[in-house]
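Visitor: Provided below are the primary sequence and the corresponding predicted coordinates.
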Amino acid sequence: MVHNYLDIHPEIKAALNKNRPIVALESTIISHGMSYPENIVSAKKSEETIRNEDVVPATIAILKGRIKVGLTEDELNYMGENKTIRKASRRDMSMILSKRIDGATTVATTMLIANLAGIKIFATGGIGGVHRNAQKTFDISADLMELANTNVGVVCAGAKSILDIGLTLEYLETQGVPVIGYKTTDFPAFYTRKSGFKVDYKADSYKEIAQALKIKWDLNLKGGMVISNPIPEEFEMDKDLIDKVINDAVLEAEKNGIRGKDITPFILSRVHDVTEGKSLQANKELVYNNAKVAANIAKELIKTY
């Protein structure tokens, strides 16, 4: 039944049949995370980074009401050039498919689709989480529930510091989602290598992470795993500056009644302006770094089956 809605690129299908390692990539970062043409350049470089590790990339999107696992070059360019593509989270899936329109997949939806296709490792920038003042707004990302329910390992640079990272980690703990630090005991905060919070476990090798994933799913412990991979040190941004910009932007958003899905782009726009574009470069570099780590974990995971 699922395959009535799913178009798997021939390269991805061949990789699945031959039990080759595959890494899923989201498309929201293309349609909503960066401006044209940098979004396309970045997406292609992420795929190239994975290919350089002898692993197959699978960028995921919804086009004209069809779920696409793996995009052609024309489809990828379309995602980057078209400004009308809406974000597609779990709640949006059925209506986007029914209306036969386009959707850029979030972390949650990319996990869901990757799992449907049989892909177990996904590389992204940062996961969503519990937003600041969530006790008033109930603004909690669907990414967290997907991590609790979908068997995909997610390699990320932690969570953006626009979130309440402490509550995000508490939520993940309550849902039984392990938070692993690749070669670190500190949970990263996207632009910075440390958030002030600790991970559950440090893992020093790809093999160790792959074995933990295999054991988790062998035991039918439902859900994913957060594999936090800090931004490379040379691209890390000044924590005090980032924290100040975000705190000021949060207050400004509250004052102007900006809420819900509009908060994140508003705050990130302020960060981009104040850092004179350096935050965008940091964003790209951490994504490439996550793609490389995810590719190597995928290679080790294949060996365990």
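Guide: Okay, I see it. Numbering: from 1, shown residues only.
Visitor: Relative to residue 110, how far out is the residue sitting nearest the centre point of the chain?
Guide: Closest to where the C-alpha atoms of the chain average out (CA atoms, centre = their mean) is residue 124, at 3.0 Å. Separation of residue 124 from residue 110 (CB to CB, to the nearest Å): 7 Å. Every C-beta, even on glycine, is put in place using the N, C-alpha and C of the backbone.
Visitor: which residues are in contact with both of these two?
Guide: Contact criterion CB atoms under 8 Å, 6 or more residues apart in numbering; residues shared by residue 124 and residue 110: 25-26.
Visitor: Mind jotting down where the strands sit in this structure?
Guide: Secondary structure of the chain (DSSP state E): strands at 6-8, 22-25, 56-63, 66-69, 86-88, 103-105, 121-123, 153-156, 179-182, 201-203, 225-228.
Visitor: Those strands: which one's closest to residue 166?
Guide: Smallest distance to residue 166 across the strands of the chain (CB to CB): 12.3 Å, for strand 179-182.
Visitor: looking at this structure, which residue lies furthest from center?
Guide: residue 255 (29.5 Å).
Visitor: contacting residues for the closest residue to residue 149 other than its chain neighbours?
Guide: Distances taken as CB to CB, 6 or more residues apart in numbering put residue 223 closest to residue 149, at 5.8 Å, once the chain neighbours are dropped. Shown in contact with residue 223 (CB under 8 Å, 6+ apart): 147-151, 175-177.
Visitor: Number of residues surrounding the residue nearest to residue 110 when sequence neighbours are not counted?
Guide: Leaving aside its chain neighbours, residue 110 sits nearest to residue 26 (4.2 Å; criterion: CB to CB, 6+ apart). For residue 26, the number of neighbouring residues by other CB atoms under 10 Å comes to 28.
Visitor: what about residue 26, distance to residue 285?
Guide: Taking CB to CB, one finds residue 26 at 17 Å from residue 285.
Visitor: Contacts only, for residue 46.
Guide: 25, 57, 59, 123, 287-288, 291.
Visitor: Report pLDDT for it.
Guide: Note for residue 46: predicted pLDDT of 98.
Visitor: What distance do you get for the closest residue to residue 170 other than its chain neighbours to residue 161?
Guide: Once flanking residues are discounted, residue 170 sits nearest to residue 130: 7.9 Å by CB to CB, 6+ apart. Relative to residue 161, residue 130 is positioned 13 Å away (CB to CB).
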